[in-house]
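Colleague: Structure for this input, please:
(one chain, ligands or ions: 1)
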Amino acid sequence: MALRFTKMHGLGNDYVYVSLFDQALPGDPSPLARAMSDRHFGIGSDGLILIAPSERADARMRMFNADGSEGEMCGNGVRCVAKFVHDRGIARKDRVTIETGRGVLTLDLEIRGGKAERVRVDMGPPILQSSDIPTTLPGDPPIDVPVEVGGRVLPQSAVSMGNPHAVAFVDDVAGFPLETIGPEWERHSAFPRRVNAHVAQVIRRGEVRMRTWERGSGITLACGTGACAVCVAGVLSGRTERRIVAHLPGGDLELEWPADDASVFMTGPATEVFSGEWPG
Ligand SMILES: N[C@H](CCC[C@H](N)C(=O)O)C(=O)O
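Modeller: Sure, this is the predicted structure:
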């Protein structure tokens, strides 16, 4: 049976979204994620996100990377899930709740012409215990710990936003060879569940530029949870203010980690591209 899908993206971080409100998944999501994500033989995406009914929230999401592995959370994805449940009338409200691998998150929607365009997400507090991130690097959390990867020593900070992130502040993100170092960084022995790897450059205390190598998907144009991790690492290392704009290859995100050290807030766009049917 054909599976209806919708392609959406947040700043070019694109996923195939399949709603399970009105159809059932024919089988295991991991091979489906691999097949759909293929940019030559499939639909083409950074992964697959399932939108399902929840007993605790307006909807529940599960995200699968392009290699079929499951991630606990996706910041750009959760904004698109909120847009989908609003725009499709599953929850036509300007505040929706989505159950994710890191609990139920609350999202505030900016609506124009009946459609959600921008979304502010309460991403919950960062996870800073090294054993929970998880990483073997010292510190809770590790900040600017020198780690050798790809033949160079990088000062790495590790933060989890439900999923694990490593951040290295460098002088020039544009010239950094992330494509070549990414595969080794993702699988570095300091990160037992692999890691989403980011390089970030401080432009001024309220503005950073960053690039991402995602666990399970490689280079992506943006990473919402990663931008939150950069914000937290910037604050904890004394480099940035608690409110920043992050410039990612696909566009800008606004991040805020208020002084109570509780939730990180992320604001950015959610965009629908097209819908179709995947042959069953
Ligand atoms: N792009 C996502 C993160 C996906 C993380 C995934 N690659 C993982 O395995 O944790 C974001 O916007 O937050």
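
Colleague: use CA for all of it now, contacts and neighbours both
Modeller: Will do.

Colleague: The ligand versus residue 16, what's the distance?
Modeller: Noted for residue 16: a distance of 12 Å to the ligand, by C-alpha to the nearest ligand atom, to the nearest Å.

Colleague: and if you look at residue 211?
Modeller: According to C-alpha to the nearest ligand atom, residue 211 and the ligand sit 12 Å apart.

Colleague: neighbours around residue 122, how many?
Modeller: 19 (other C-alpha atoms under 10 Å).

Colleague: what's it sitting at in phi/psi?
Modeller: phi -80, psi 100 (degrees, to the nearest 10).

Colleague: Ends of stretch 189-199, what's the gap?
Modeller: Using C-alpha to C-alpha, to the nearest Å, one end of stretch 189-199 lies 19 Å from the other.

Colleague: Quick check: buried residues in it?
Modeller: The neighbour-count check on stretch 189-199 (16 or more other C-alpha atoms under 10 Å) flags 190, 191, 193, 194, 195, 196, 197, 198, 199 as buried.

Colleague: Among those residues, which lie within helices?
Modeller: Members of these lying in helices (criterion: DSSP state H): none.

Colleague: Pick out the most distant pair among the residues you listed.
Modeller: Within those, two members stand farthest from each other by C-alpha to C-alpha: 193 and 199, at 19.3 Å.

Colleague: elements contacting the helix or strand in which residue 182 is found?
Modeller: For residue 182, the element it lies in under DSSP states H and E is helix 178-186. For helix 178-186, the helices and strands in contact under the criterion 3 or more C-alpha pairs under 8 Å, 6 or more residues apart in numbering; DSSP states H and E are strand 145-149, strand 196-204, strand 207-214, strand 218-220.

Colleague: mind running it again at 7 Å?
Modeller: Other helices and strands packing on helix 178-186, by 3 or more C-alpha pairs under 7 Å, 6 or more residues apart in numbering; DSSP states H and E, are strand 196-204.

Colleague: what angle separates the strand it packs on from helix 178-186?
Modeller: Orientation note: strand 196-204 sits at an angle of 120 degrees relative to helix 178-186 (axes from the mean of the first three to the mean of the last three C-alpha atoms, to 10 degrees).

Colleague: Which residues of the stretch 151-280 of the chain lie near the ligand?
Modeller: Taking C-alpha under 6 Å from any ligand atom as the contact definition, the stretch 151-280 of the chain meets the ligand at 163, 214, 215, 216, 217, 223, 224, 225, 226.

Colleague: mind running it again at 5 Å?
Modeller: Contact residues (C-alpha under 5 Å from any ligand atom) of the stretch 151-280 of the chain with the ligand: 163, 214, 215, 223, 224, 225.

Colleague: what's the neighbour count on the first one?
Modeller: Using other C-alpha under 10 Å, residue 163 has 25 neighbouring residues.

Colleague: what's it in contact with, if anything?
Modeller: Applying C-alpha atoms under 7 Å, 6 or more residues apart in numbering to residue 163 gives the contacts 71, 72, 73.

Colleague: so the last one touches residue 98, yeah?
Modeller: No - with contact defined as C-alpha atoms under 7 Å, residue 73 does not reach residue 98; the gap is 11.0 Å.

Colleague: hmm, back to that, the ligand: which of the buried residues of stretch 189-199 is nearest?
Modeller: Comparing the buried residues of stretch 189-199 against the ligand with C-alpha to the nearest ligand atom places residue 196 closest, at 6.1 Å.

Colleague: circling back: using a markdown table, lay out the contacts of residue 163 together with distance to residue 143, pLDDT and neighbour count.
Modeller: Listed next are these as a markdown table, based on distance: C-alpha to C-alpha, whole Å; pLDDT from 0 to 100; neighbours: other C-alpha atoms under 10 Å:
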| residue | distance to residue 143 | pLDDT | neighbour count |
| --- | --- | --- | --- |
| 71 | 23 | 98 | 17 |
| 72 | 23 | 97 | 16 |
| 73 | 22 | 98 | 24 |
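
Colleague: Could you list which of those also contact the ligand?
Modeller: Contacts with the ligand within the contacts of residue 163, as defined by C-alpha under 5 Å from any ligand atom: residue 71.

Colleague: and the contacts of residue 163, which of them are in helices?
Modeller: Per DSSP H, the subset of those in helices is empty.

Colleague: Residue 171: which of the contacts of residue 163 is nearest?
Modeller: residue 73 (28.7 Å).
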